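Enquirer: Got a sequence here, can you build the structure:
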Amino acid sequence: MSTSHDSDVQLSDAVDYFTNEYSSRISQGNVPLSNALKAIERCAYEKGLPPDSITILLDVAASMKYCETVSVRLIKCLIPRGPVCEEAIINVISWICTEKPSSKLQALILRWILVIYDLIDSKDRLHALYGVLFHFIENDVMCPYICHLLYLLTRPKDVRMFRIHRVLNLQNRVGVQPHITGLLSIYRLYYPNMGALVSGRRKVFFKEDKAWSSTIRKIQAKAERIARLPTSVQPLHTAVAKHKRKRLRLDLAPPLQSCATENLSQDNYFPSKGSVKLELIHSFADLVNNVDRLEMPMQVSALLKHPQLQHLLLISRDKLLTTRLSLWIYHTLSEELLKGESENDAVYNLLNMLVTFTDFIQEGVPAVQAILFLYLSKWNGKDYRSPILHLITRLRIIPFPELHDYVLEPLRQLFIAAGVSFKCQILHTLIELLKNYILFEWPRCQYGTTTEISSQLLDFCSVFKGKSYADLSPLDTIKGLFSYIDDITVLGMLLEGDNALYMHFALDFMEETLSLAQSSDVRFFTVWSSFVIHRALFSSNAVALSRVCSIICQYNAVCKLLRQRDKSREAELLDHVTSLNCYVLDICDTLWRYKAFRCRDDSRGRTMIFHLVSSDLLRRTEVQQANEAFALQHHPALAGYVLGFLRDNVQVPSGEAKTPQHIRRGRIKLLEYLRDKKLDGIVEFICTFMKSMTNSSLSSMTAADRTAFQMTVPSAAGDA
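Expert: Numbers count the residues shown, from 1 in each chain. Next comes the predicted model:
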């Protein structure tokens, strides 16, 4: 403790030496001056300098009271242990304007300002000197540092054509320089409509004083460990700066920071006049009450981390704001995702933020879509899998040939080589993409072509303006995607050998299709491939069998609903009715009538199963009673349930073994048993399409049992 006190005393004495007007200013042979410099340097490199000392010593160095060598040593040891007063920065810039310091010392002062920029407690008055600082852009020695400082200070209102012309003229004079390109890049970021101001795609425009910055960070960390100030009194910008480097490595989106950056106190909480800082918005009510006075962030990409700003974006639909955000997203993903060699946390976090953002606005971002089209062609299917697949589900509707080339074909190649889990994820992604097209993109396309804007269509206005296609037919794209999903579903069943997990995702596709056909007016619904239906019918999975029966019941209800909704669609629904009747006959003959593989040559036509299994092939299998092999009481998927039913509900004479044949005349009780086991799809199907069940077989039940057992879905496949 005494050592620290002695150090503070020595620092105070050294600072007093430089402020004492009677102190000798001769540099050579001046022992007191040398001792004062050594004391300041020792204290600075051990624990940093307090703000008041930095303000005094910076003023001494910039005023050139002593020789340039002394001023350089003073500036290099200005290592703050806490925040830096803005007043000190304003004073030193005023000294630069007097041109008392040499160009070399001016450049060193600017380097110091850049190193401690994040530690400045406020930047409002510093920003007011933007025009003054811009004046020094013609100084060749100071230009790299002035451009960097202007880059950090630039706000939208600072971007003016005369400044752009002056910077371009400077570039023509000295050639393309990284620091000039960096300043032009921030100008273009705020006003993308000003054209191609920046050539090339360089990312790092400014050099960092790594050694100087590292020293300051170490002193800051040491001071924080010693002081441990309570959060309530800790300076805001000290906390922000302490972890800035680490946060930038893990998070590509910058932290929220409004243009006005002074400390937030109770005195300026929601001022009655002027703009309101974003840091003061903590709830949706705050946003609504101050929506017309909000001060937008210096870096628009910060809204990816700020839900209130996302609400504001939806309300205002500011084209300039969305253009700036799109440009930032495109260039950031180009550098970090397309050119990155392996997965890293920073890109993963950014992609997850984009997932949250696109889900919030319920539409895809064109810049993200453009990057995905480039990335999918080289994607290994492993890096960033979850966010990439989720972003695919929010793609905008484009002509199907482009969708196939950029998205579906790369996914198909991964699909073939992938394991069953990844196959299920890809199939789910395509189903969600189809839902997005029907529920969100189709209404947007209708809004884009209609002349009468209804309140419902206004909900689907696009926040981002995407590429326009002269030959775009949204319905053709939706139909093409539906057919593609149907084909890849069958392909997956063949590759995975009727895997139970994959089969459930395949049945999900059918259920989602029926739900979309019922809730929307998009005429995308075409007949499925019968392959999945029959594989589920003959599978060894009881839940899949129950689900496929339930799907056929839904299919029947949807066909009737579509015909009632629009009488003009009867001819269009003819294929569905034919397909539905064939499915009903197949399942009824298999589960109930013991006719699974019999040829049917009556007025209703042959069933689909007979085309899959010929009578000659059936004879060569030498399977006895093959038509009964998949009946309700013999079906392999229901074997465990049948054994349980026999054990609990069937009584036989003593010494006689219980077999499924004992259930042949009591199948209605087996249906009740299956219903109790949550296999409702089978029961629903039998009660919907078997008139004998709804009329005669149920008559033996009590009224209460019949009410509980009989399904309410309209019956008879012939009606469809």
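Enquirer: List the contacts of His428.
Expert: Neighbour list for His428: 505, 508 [criterion: C-beta atoms under 8 Å, 6 or more residues apart in numbering]. Where you see a C-beta, it was placed from the backbone N, CA and C, and this is true even at glycine.
Enquirer: Tyr502 versus that one, what's the distance?
Expert: 11 Å (C-beta to C-beta, to the nearest Å).
Enquirer: Burial check on the residue lying closest to Leu481 once chain neighbours are set aside, number of neighbours?
Expert: Nearest residue to Leu481 in three dimensions, chain neighbours excluded: Leu434, at 5.5 Å (C-beta to C-beta, 6 or more residues apart in numbering). Leu434: 21 surrounding residues under other C-beta atoms under 10 Å.
Enquirer: One more: Leu129?
Expert: If you count neighbours by other C-beta under 10 Å, Leu129 ends up with 17.
Enquirer: Find the residue closest to it in space, skipping its chain neighbours.
Expert: Once flanking residues are discounted, Leu129 sits nearest to Ile93: 5.9 Å by C-beta to C-beta, 6+ apart.
Enquirer: likewise Pro660?
Expert: Closest residue to Pro660 apart from its sequence neighbours, by C-beta to C-beta, 6+ apart: Gln633 at 4.1 Å.
Enquirer: Just to be sure, His282 is in a helix?
Expert: No. Secondary structure of His282 (DSSP: H, G, I helix; E, B strand; the rest coil): coil, not part of a helix.
Enquirer: And it, its phi and psi?
Expert: Per-residue torsions, His282: phi -120, psi -10 (degrees, to the nearest 10).
Enquirer: Look up how far Arg293 lies from it.
Expert: Taken as C-beta to C-beta, the span from His282 to Arg293 is 16 Å.
Enquirer: Could you do Leu126 as well?
Expert: Taking C-beta to C-beta, one finds Leu126 at 23 Å from Arg293.
Enquirer: which one of the two has more residues nearby?
Expert: A direct count of neighbours by other C-beta under 10 Å for Leu126 and Arg293 places Leu126 higher, at 20 against 13.
Enquirer: what sits against that one?
Expert: If you count contacts by C-beta under 8 Å, 6+ apart, Leu126 has them with 86, 89-90, 93, 120, 153.
Enquirer: ok, and the most crowded of those?
Expert: Ile89 (24 neighbours).
Enquirer: looking at it, that residue is touching Ile120, isn't it?
Expert: Yes. Ile89 is in contact with Ile120 according to C-beta atoms under 8 Å; the separation is 6.1 Å.
Enquirer: For burial, what's the neighbour tally of Ser7?
Expert: Ser7: 15 neighbours (other C-beta under 10 Å).
Enquirer: ok, now how distant is it from Ala14?
Expert: As judged by C-beta to C-beta, Ser7 and Ala14 stand 11 Å apart.
Enquirer: name the element the spatially most central residue of the chain belongs to?
Expert: Most central in the chain under C-alpha atoms, centre = their mean is Val355, positioned 1.3 Å from the mean C-alpha point. Here Val355 sits within helix 345-361, counting by DSSP states H and E.
Enquirer: what sits in contact with each of Ser7 and Ala14?
Expert: Overlap of the contact sets of Ser7 and Ala14 (by C-beta under 8 Å, 6+ apart) consists of Cys43.
Enquirer: hmm, back to that, the residue nearest to Leu481 sits in which helix or strand?
Expert: helix 420-436.
Enquirer: That helix relative to helix 345-361, how many degrees between them?
Expert: 40 degrees (axes from the mean of the first three to the mean of the last three C-alpha atoms, to 10 degrees).
Enquirer: now helix 420-436: how far from the chain's centre is it?
Expert: Mean C-alpha position of helix 420-436 versus that of the full chain (C-alpha atoms, centre = their mean, to the nearest Å) differs by 16 Å.
Enquirer: again with stretch 560-577
Expert: Distance of stretch 560-577 from the chain centroid (C-alpha atoms, centre = their mean) equals 39 Å.
Enquirer: what's the helix or strand encompassing Leu414 in contact with?
Expert: In this structure, Leu414 sits in helix 409-417 according to DSSP H and E. Residues from elsewhere that reach helix 409-417, judged by C-beta under 8 Å, 6+ apart: 376-377, 379, 381, 392, 422-423, 426, 429-430, 488, 491-492, 495.
Enquirer: give me that answer again for 6 Å
Expert: Helix 409-417 is contacted by residues 376-377, 381, 423, 426 when judged by C-beta atoms under 6 Å, 6 or more residues apart in numbering.
Enquirer: out of those residues, who has the most neighbours?
Expert: Neighbour max across the contacts of helix 409-417 (other C-beta under 10 Å) = Lys423, 25 neighbours.
Enquirer: confidence score at it?
Expert: In this model, Lys423 is scored at 96, pLDDT.
Enquirer: I figured it was touching Gly492, is that so?
Expert: Yes. Judged on C-beta atoms under 6 Å, Lys423 makes contact with Gly492 at a distance of 5.1 Å.
Enquirer: so what sits against both of the two?
Expert: Taking C-beta under 6 Å, 6+ apart as the contact rule, the neighbours common to Lys423 and Gly492 are Tyr502.
Enquirer: For the stretch 601-720 of the chain, give me the ranges with low pLDDT.
Expert: Applying pLDDT under 70 to the stretch 601-720 of the chain flags residues 601-624, 653, 655, 691-720.
Enquirer: now do 50
Expert: The stretch 601-720 of the chain contains residues with pLDDT under 50 at 602-607, 611, 694-720.
Enquirer: which residue ranges form the helices in it?
Expert: Assigned helices in the stretch 601-720 of the chain, in chain order: 608-612, 615-620, 639-649, 667-676, 680-689, 691-695, 703-709 (criterion: DSSP state H, counting those that start in this stretch).
Enquirer: Tell me where the stretch 151-300 of the chain has helices.
Expert: All helices of the stretch 151-300 of the chain, identified by DSSP H, counting those that start in this stretch, fall at 161-174, 178-190, 210-227, 236-242, 244-250, 284-289.
Enquirer: export those helices to CSV and tack on distance to Val652 and mean neighbour count?
Expert: Shown next, in CSV, are those (distance: least, C-beta to C-beta, whole Å; neighbours: other C-beta atoms under 10 Å):
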stretch, distance to Val652, mean neighbour count
helix 161-174, 95, 13
helix 178-190, 83, 21
helix 210-227, 83, 14
helix 236-242, 80, 18
helix 244-250, 70, 12
helix 284-289, 69, 13
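Enquirer: Okay, and the residue nearest to Leu129 sits in which element?
Expert: Using DSSP H and E, the element containing Ile93 is helix 86-98.
Enquirer: Counting by contacts, list what that helix packs against.
Expert: Applying 3 or more C-beta pairs under 6 Å, 6 or more residues apart in numbering; DSSP states H and E, one finds that helix 86-98 contacts helix 51-62, helix 124-128.
Enquirer: Averaged pLDDT, that helix. What do you get?
Expert: Here the average pLDDT along helix 86-98 is 91.
Enquirer: cool, stretch 522-536 as well?
Expert: Averaged across stretch 522-536, the pLDDT comes to 86.
Enquirer: Name the residues that touch it?
Expert: Identification of contacts with stretch 522-536 by C-beta under 6 Å, 6+ apart yields 438, 442, 478-479, 482, 486, 489-490, 493, 498, 506, 517, 544, 548, 575, 579, 583, 608.
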